[in-house]
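Trainee: Kindly generate the corresponding structure for this input.
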Amino acid sequence: MYIIRFQYLLVFLFVSHSFLCLSQDESNIVYYGKDYFILEGTEIDESLKENPYDRLPLSYKNVVRKPVWELSKNSSGMSIRFFSNSTSIHAKWTLLNDLSMNHMADTGVKGIDLYFNNNGTWQYLNTARPNGKENVFELMNSMSPKMREYKMFLPLYDGVKSLEVGIDCNSVIKKPKKNTSKSIVFYGTSITQGCCASRPGMAHTNIISRKLNIDCINFGFSGNGRMEEPINELISESNPLFYVIECLPNMKEEEVATKAIPLVNTIRKKHPETPIIFVENFIYETVALNEKKAVEINVKNKALKDQYTKLIDNNVKNVFYISAEKATGIDHEGTVDGVHFTDLGFIRYANFLIDRFEKLDLLPKQSR
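Mentor: Below you'll find the model as predicted:
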């Protein structure tokens, strides 16, 4: 008798739950945290961080300069990936700072992009627009209840304290397997961090990651990408396909002359063969008429080329130098302020780098 009553109770609860799911709207959404998706764009174990969405381990807090540490709290280059058969997708996230900038859209600074896997190609769907520190946003609705793979790119210039994915209460969310292929590590400046993309997915490291299906690790520190030894040591702990060093915009000629070779030496202690690519300073748009700036950039690029030549002369293998000429096209329309890239600039730069990676034969065949 008790068994029969219990069975009736289960049926009642199931029917009631299904009815509630169909008869409610926002209350129909159930939110799931980090145990239900995989975090990509970082290789540092969560147990070593102050927050899962930080880019440096907690042990570096008193090792790097304060601005580097504060910028490492930005989630630039990180994304989450999951499967779901939900007919709607929501994002709920709490920001660290609620930062705004006068030359970059809030959607890029602190929004979240949603993509889905469309037959092997990551296709953009929508951007969750921020509205304060605490945010909830419906990214998609009215979809067929088909199991799909989704990817969300996280804020470029703000930190994420917490993040949840919302789906229909009668749907499921599944955590995918980790991508075990080697990553590409980028170390650089504000451009590397993603300034001034209109939304997170348009930073060049994220574009490259999608196009090549390779995890890209973003160590871009706005105004503070200076080939510093603590970061050199940290990136040498990775075992990537190759390293891309984009630090010149934040460095002076004398710093380039004293720091480029030590960076290579630090990496070479642990990775004797891993390719290292130096990208020279971009030619800013103001250089067309600003003679002082033109001299400054040319001097820095020459300093880097000189250090590269020394490495080659000393028989250091697998070190490459990429000229930034025409990196964002030839029409001078790829920046927001003469320096930092718009989405157009980032797309062109990503394609430019992929082309150079292919010519240097650095990419696995399945990524081409």
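Trainee: other SSEs contacting the helix or strand containing N135?
Mentor: N135 is part of strand 134-140 when elements are defined by DSSP states H and E. Judged by 3 or more CB pairs under 8 Å, 6 or more residues apart in numbering; DSSP states H and E, the packing partners of strand 134-140 are strand 89-95, strand 112-118, strand 121-128. Where you see a C-beta, it was placed from the backbone N, CA and C, and this is true even at glycine.
Trainee: tilt between the second one and strand 134-140?
Mentor: By that I understand strand 112-118. Interaxial angle, strand 112-118 versus strand 134-140 (axes from the mean of the first three to the mean of the last three CA atoms, to 10 degrees): 30 degrees.
Trainee: Adding mean neighbour count, write the helices and strands packed on strand 134-140 out as a markdown table.
Mentor: Converted to a markdown table, these look like this (neighbours: other CB atoms under 10 Å):
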| stretch | mean neighbour count |
| --- | --- |
| strand 89-95 | 22 |
| strand 112-118 | 21 |
| strand 121-128 | 18 |
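Trainee: List the buried residues for stretch 105-113?
Mentor: A105, D106, T107, G108, V109, K110, G111, I112, D113 (16 or more other CB atoms under 10 Å).
Trainee: Taking the centroid of the chain, which residue is nearest it?
Mentor: G77 (1.0 Å; CA atoms, centre = their mean).
Trainee: Quick check: that one touching Y53?
Mentor: No: under the criterion of CB atoms under 8 Å, G77 makes no contact with Y53, lying 10.7 Å away.
Trainee: shaky segments in this protein?
Mentor: Applying pLDDT under 70 to the chain flags residues 1-26, 367-368.
Trainee: all helices for it, in order.
Mentor: Taking DSSP state H to define them, one finds helices in the chain at 2-23, 66-72, 106-110, 190-193, 204-212, 229-236, 253-270, 291-313, 343-359.
Trainee: Now G345: closest residue in space, sequence neighbours ignored.
Mentor: Leaving aside its sequence neighbours, G345 sits nearest to G334 (CB to CB, 6 or more residues apart in numbering; 3.1 Å).
Trainee: how is this protein carved up into domains?
Mentor: Per automatic domain parsing, the domain ranges recorded for the chain read 28-174, 184-367.
Trainee: what comes up buried for stretch 39-52?
Mentor: For stretch 39-52, a neighbour-count test (16+ other CB under 10 Å) marks L39, E40, G41, T42, I44, K49, P52 as buried.
Trainee: do stretch 305-315 as well
Mentor: Q307, Y308, L311.
Trainee: Let me have the helices of the chain in TSV, extended by distance to I173.
Mentor: TSV is the format used below for those (distance: least, CB to CB, whole Å):
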stretch	distance to I173
helix 2-23	15
helix 66-72	29
helix 106-110	24
helix 190-193	30
helix 204-212	21
helix 229-236	32
helix 253-270	38
helix 291-313	46
helix 343-359	30
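Trainee: Let me know which of the ones you listed is the nearest to N170.
Mentor: N170 lies closest to helix 2-23 among the helices of the chain, at 4.3 Å (CB to CB).
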